[in-house]
Structures are given as structure tokens and as C-alpha cells.
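Novice: Could you look at this predicted model? Sequence included:
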Amino acid sequence: MDVTSLGGVPLSLRALYDLVGAGGLVTQDRPLAIALRPEVAPIVTPGPGPGGALGELVLHGYRATIRTTDDNEVFLERVLDGRTGVGLELVDGGLSFTFDPPAAGDLHVTITQNPNHLPEALVTGMFGQVTAQVFASVQDVLPSFPLPGFAGMGLAPVEIGRVASGFVLFADLVPAAA
């Protein structure tokens with residue numbers, strides 16, 4: 001997935017620096033995109049998630065490359081490893097995944113490319129500010145999956161929960177929608 005805006009605002013060099021109060025350092029604003037590429041599939045573990053979340057999602061080797069979109073130059077690249085809470089919610093008659101932003105101690109980041117030699121404290125501040133918005137962007141693009149019907153009946157969800165290591169949807173059977 002490529003993130004080109006955060007909170008409805010186009011992502012640019014100045015916008016990124018403005019998040020950490022350093023926007024005045026930018027003399028030439030440039031459009032940016034954050035390319036998110038998992039190198040290892042995320043894993044939903046059998047245990048509960050942090051902070052009371054329904055489940056735990058473990059990410060390893062999740063590459064976040066910030067590029068300028070006008071010339072495709074790498075501005076910064078980081079690899080993320082960590083864990084976060086995951087849940088399910090009913091959206092438009094289907095189930096969708098929800099993600100919590102990882103807590104500071106649950107997200108470990110390694111800088112793999114820093115051609116502009118940005119100070120690590122500045123890089124950490126920038127990513128700390130955008131982490132929640134980036135996770136929300138990922139959540140927004142994942143499709144929901146439809147609820148099945150049974151013998152001509154539909155499902156009316158009552159509760160989404162956890163039993164042992166699995167997610168469970170408790171639902172009432174209702175006449176199918178026409």
C-alpha cells in the first residue's frame with residue numbers, strides 16, 4: 001500500500017516536518033509517498049491483544065519507504081517490527097479488521113536508508129506522529145468480508161468475541177434481506 005495523504009492532507013516534505021515542529025527547515029517542498037511493504041506475512045497469534053484488544057497482530061519486517069513522488073528518490077526507509085491489537089467490527093453487512101496503533105514499547109524500528117542524514121531523534125519524532133494515521137490508512141483499504149447466509153436465513157450479529165485461540169461471531173438467524 002502507498003500512503004499519499006494523512007488525515008486528508010496530501011503528504012509532503014513540509015507536512016512531515018510540520019508534524020514535529022521543524023517545517024521551517026524546508027526550503028523546497030516536495031510531494032511524498034510512504035510505501036508500506038510487508039516482507040513477512042503478519043501473524044494473528046492465539047493470545048489476547050495488548051490493551052484488552054480482541055487479538056494480537058505481530059508484524060516482522062514491515063518496510064516503510066518514504067519517497068519523493070516527483071523523482072522517486074528515497075527520502076528515508078525504515079523496517080518495523082512489533083505487535084498491536086487487532087479486532088473485528090461489523091461494517092456494511094460484513095466484518096472488517098480493526099487495528100490499534102502500536103504502543104511505543106511494542107514497535108521497534110530500524111533505519112535502513114537515510115540518504116539525507118537526518119538525526120535519529122527527528123526521524124523517531126516524525127514516525128511517532130504518523131504511526132496512528134498510517135495504521136488507520138492500512139485499515140481503511142482492507143476489504144470487509146461478507147457474512148454468510150444459512151438455509152435462506154441471514155445473520156444478525158450479537159457479539160464478536162474470542163473462544164480459546166479463535167475469533168467467534170455470535171449471531172441470530174434472521175430472514176434474509178431481499
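Specialist: Perfect, thanks for sending it. Residues are numbered from 1 along each chain as shown.
Novice: buried set for the strand of greatest length in the chain?
Specialist: If you go by DSSP state E, the chain has its longest strand at strand 74-91. Neighbour-count burial for strand 74-91, with 16 or more other Cβ atoms under 10 Å as criterion, is recorded at 75-88, 90. (Each C-beta comes from the backbone N, C-alpha and C, glycine too.)
Novice: Could you check how many residues crowd around I66?
Specialist: Using other Cβ atoms under 10 Å, I66 has 23 other residues around it.
Novice: can you check the one 4 residues further on too?
Specialist: Burial measure for D70: 9 neighbouring residues, criterion other Cβ under 10 Å.
Novice: Which helix or which strand is home to it?
Specialist: D70 is part of no helix or strand when elements are defined by DSSP states H and E.
Novice: Tell me the backbone dihedrals of it, please.
Specialist: Per-residue torsions, D70: phi -80, psi -30 (degrees, to the nearest 10).
Novice: I'd like to know how far it sits from A132.
Specialist: D70 is 27 Å from A132, where distance means Cβ to Cβ, to the nearest Å.
Novice: and if you look at L147?
Specialist: Distance of L147 to A132, given as Cβ to Cβ: 29 Å.
Novice: Tell me the confidence at the residue of the chain most remote from its centre?
Specialist: The C-alpha centroid of the chain is most remote from A151, which lies 36.7 Å away (Cα atoms, centre = their mean). You'll see A151 listed with a pLDDT of 84.
Novice: what's the answer for R78, then?
Specialist: Note on R78: pLDDT of 90.
Novice: now it: how far from T65?
Specialist: Distance from R78 to T65, by Cβ to Cβ: 8 Å.
Novice: Show me which positions of the helix or strand bottoming out on mean pLDDT in the chain end up buried.
Specialist: Lowest mean confidence among the helices and strands of the chain (mean pLDDT, DSSP states H and E): helix 120-141, at a mean of 76. Neighbour counts over helix 120-141 (16+ other Cβ under 10 Å) mark 123-127, 130-131, 133-135, 137 as buried.
Novice: Could you list the low-confidence segments of this structure?
Specialist: Along the chain, segments meeting pLDDT under 70 span 20-26, 178.
Novice: Where do the helices of it begin and end?
Specialist: In the chain, the helices defined using DSSP state H lie at 13-19, 120-141.
Novice: Tell me which of those helices approaches L32 most closely.
Specialist: Of all the helices of the chain, helix 13-19 sits nearest to L32, with 6.0 Å by Cβ to Cβ.
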